[in-house]
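Participant: Mind looking at a prediction? Sequence and model below.
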Amino acid sequence: MKKVAQFEKVSLKQFLGDWIDTFGNRSDHIITEIYKNIKLPIRKTKYSAGHDFFTPCDIRIKPGDSMMIPTGIRCQMNINYVMLLFPRSSLGIKKHMAIANTIPVIDADYINADNEGHIFICIRNYGDKELEVKTGEAFVQAVFVEYGSADNNKIDAKRNGGIGSTGK
Ligand SMILES: O=c1ccn([C@H]2C[C@H](O)[C@@H](COP(=O)(O)OP(=O)(O)OP(=O)(O)O)O2)c(=O)[nH]1
């Protein structure tokens, strides 16, 4: 199978900053342990399309609420490829887990953003019971898709910020 991308961890410094921004102040020691235990996304079988992302922390979300997860992961992608994120089917079907922004689009040039291309995933509980996913459990899957353009490639702006930055 053609290799089109490479996952890696963001730096510990980036992870510490993003974790504190998301969840508030915690001890550096605890966040460093979370960082050390982060596993890179992998496919389960020879022909699986989805690379499973594992949650770095316990997820507990009340019905109707959402939780932003800093994954600690970034991805180098070949140009002309995009990463799309989907919920792990079993969690969607059995536990009513959804991704808040439906199908996140992770651009190949996001790696150049000033947050090191740190991938965040916002999980939403659309069921009527508390949603629980344990640390280290596969929760989302990434699929790489080749894409083209409809604009004669005349755009040469470069991405340098995180989510929502190009509209600023
Ligand atoms: O759930 C998401 C969605 C996006 N991103 C990152 C990767 C993506 O390349 C970048 C921008 O995402 P998108 O273009 O979908 O967001 P936007 O709101 O249109 O922001 P922008 O103005 O930065 O394009 O943010 C995430 O980490 N998680």
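Facilitator: Cool, the structure landed.

Participant: longest strand of the chain?
Facilitator: Ranked by residue count under DSSP state E, the longest strand found in the chain is strand 138-146.

Participant: So which bits of stretch 73-93 are buried?
Facilitator: Residues of stretch 73-93 classed as buried: 73-75, 77, 81-83, 85-88, 91 (neighbour count, 16 or more other Cβ atoms under 10 Å). In this view, the C-beta of every residue, glycine as well, is placed from N, C-alpha and C.

Participant: mind giving me TSV with these and columns for distance to the ligand, secondary structure and pLDDT?
Facilitator: Listed next are the buried residues of stretch 73-93 as TSV, based on distance: Cβ to the nearest ligand atom, whole Å; DSSP: H, G, I helix; E, B strand; the rest coil; pLDDT from 0 to 100:
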residue	distance to the ligand	secondary structure	pLDDT
73	9	strand	98
74	9	strand	98
75	9	strand	98
77	10	strand	98
81	12	strand	98
82	8	strand	98
83	8	strand	98
85	7	strand	98
86	12	strand	98
87	12	strand	98
88	15	coil	96
91	16	helix	96
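
Participant: show me where pLDDT drops low in this structure?
Facilitator: Scanning the chain for pLDDT under 70 picks out the ranges 166-168.

Participant: Tell me the residues of this protein that contact the ligand?
Facilitator: By Cβ under 6 Å from any ligand atom, the residues of the chain that approach the ligand are 101, 104-107, 110, 119-122, 162-167.

Participant: Can you turn the buried part of the residues you listed into a ChimeraX selection?
Facilitator: This is the ChimeraX syntax for the buried subset of these, where burial follows 16+ other Cβ under 10 Å:
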select :104,106,107,110,119,120,121,162
